[in-house]
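Peer 1: Pasting a predicted model and its sequence here:
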Amino acid sequence: MSSKKLRASITGVHGYVPDYILSNSELETLVDTTDEWIMTRTGIKERRILKGDLQGTSVLGIKCVKGLLEKTNTDPKDIDLIICATVTPDMFFPSTSNLIADKVGASNSYGFDISAACSGFIYALSTGSQFIEAGTHKKVIVEGADKMSSIIDYEDRKNCVLFGDGGGAVLLEPSSDDTGIQDYLLKSDGSGSDMLCLKAGGSLRPASKDTIKNKEHYIYQEGSSVFKFAVTNMADISEEIMKKNNLKADDIAYLVPHQANKRIIDATANRMGVGPDKVLLNIERYGNTTAGTIPLCLWDFEKKFKKGDNLILAAFGGGFTWGSLYLKWSYNNWYGIY
């Protein structure tokens, strides 16, 4: 009997961003800011916004998953599980993954959401991989999507420039070789919860006239403190997973970082010893889409990847949560291994 470990491979990826572009120049008309100020501090030029009535995060997820199924020629009825990473679910319940499954025809699947803010996709990807590795599931979809515009105060000049709407999804299947998800490290620290959070709307502080008046249903962030934690921990955990797997900078094909702030990304790349040519960036076009950033990066740059490429995924988010994942890419062409 073979003792070879069963691994989970990404066999396809698809992303989606809304059509509406919110540029820095438009933000200049809403709050006291400038394009230069935003670009210097964040690297963001524009972000996408999901407009219209009754348009929740599931709309983003459905677009991603439908595209993924079509691209990989997968029957939705063959999907075993859908995991959706999001902090902007359509509703507290049912889960956004259930809504996505219904609309894409994945009638034989079950699903659940994961809430780990900007680290959500790495948390969900590592979770999904374990169902494949256990040999109990053949096809798992992992989605990361957020409609951040739904929890942004567009009078708050520090936060409204950072975030956008979008998402991406990957299909996980058992690997037929040594490619796929190799390792991951996940960490959290609840002592930082007050520095980056949505203060009201949960069971602790249900919606009331006061919470609405005080704008407690929008993102609250202590920017400088969060920045310090993010710079340190995202860099640390990226270096740690490299050391754990005996990887040198030359072994890494690409760093796929959470797109929150270019300065945080640069610090992570410097710690890993990788040059700018190995760092995937699309923050300029999409801003921070929270759980959507990493799968959007995989989608945007999919054609650059070659089978066997070593990718390091890294993120830091509210919670605090942070994590890294070491992945060997599993195919050479945009439509997967089929």
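Peer 2: Now that the structure is in, tell me what you want to look at.
Peer 1: just for this structure, where's the confidence low?
Peer 2: 1-3, 334-338 (pLDDT under 70).
Peer 1: can you tell me which residue is nearest the centre of it?
Peer 2: Centroid-nearest residue in the chain, with Cα atoms, centre = their mean: residue 291, separated by 3.0 Å.
Peer 1: How much space separates it from residue 27?
Peer 2: 23 Å (Cβ to Cβ, to the nearest Å). The C-beta positions use only the backbone N, C-alpha and C, and glycine is treated the same way.
Peer 1: Kindly report the same for residue 104.
Peer 2: From residue 104 over to residue 27 (counting by Cβ to Cβ), the distance is 34 Å.
Peer 1: Can you give me the neighbour number for residue 255?
Peer 2: A total of 24 residues lie near residue 255 under the criterion other Cβ atoms under 10 Å.
Peer 1: ugh, wrong one, residue 186
Peer 2: Neighbours around residue 186, by other Cβ under 10 Å: 17.
Peer 1: Correct me if wrong, but it is in a helix.
Peer 2: No: in this structure, residue 186 is strand, not part of a helix, as judged by DSSP: H, G, I helix; E, B strand; the rest coil.
Peer 1: Give me the nearest residue to it, chain neighbours excluded.
Peer 2: Closest residue to residue 186 apart from its sequence neighbours, by Cβ to Cβ, 6 or more residues apart in numbering: residue 323 at 4.2 Å.
Peer 1: Tell me the bridge partners for that neighbour.
Peer 2: Taking DSSP bridges as the rule, residue 323 bridges to residue 186, residue 315.
Peer 1: my guess is it contacts residue 234, does it?
Peer 2: No: the pair residue 323 / residue 234 is not scored as a contact, 9.0 Å apart, by Cβ atoms under 8 Å.
Peer 1: what sits in contact with each of these two?
Peer 2: 314-315 (Cβ atoms under 8 Å, 6 or more residues apart in numbering).
Peer 1: For the longest helix seen in the chain, which outside residues touch it?
Peer 2: Determined from DSSP state H, the single longest helix within the chain is helix 223-244. Residues outside helix 223-244 that contact it (Cβ under 8 Å, 6+ apart): 158, 183-185, 187, 192, 195-196, 247-248, 252, 255, 257-258, 260-261, 263-264, 267-268, 270-272, 312, 314-316, 320, 322-326.
Peer 1: any chance you could map the helices in the protein?
Peer 2: Going by DSSP H, the chain shows helices at 24-30, 35-42, 57-71, 96-104, 120-133, 209-213, 223-244, 262-272, 283-286, 293-300.
Peer 1: Run through who's touching the shortest one.
Peer 2: Counting by Cβ under 8 Å, 6+ apart, the neighbours of helix 283-286 from elsewhere in the structure are 17, 42-48, 164, 166, 259-262, 265, 292-293, 296.
Peer 1: Can you select the buried ones from those in PyMOL?
Peer 2: Here is the PyMOL command that selects the buried residues among the contacts of helix 283-286 (16 or more other Cβ atoms under 10 Å):
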select buried, resi 17+42+43+44+45+46+47+48+164+166+259+260+261+262+265+292+293+296
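Peer 1: domains of the chain?
Peer 2: 8-178, 181-328 (automatic domain parsing).
Peer 1: Name the residues of stretch 89-105 that are buried.
Peer 2: Neighbour counts over stretch 89-105 (16+ other Cβ under 10 Å) mark 89-90, 95-101, 103-104 as buried.
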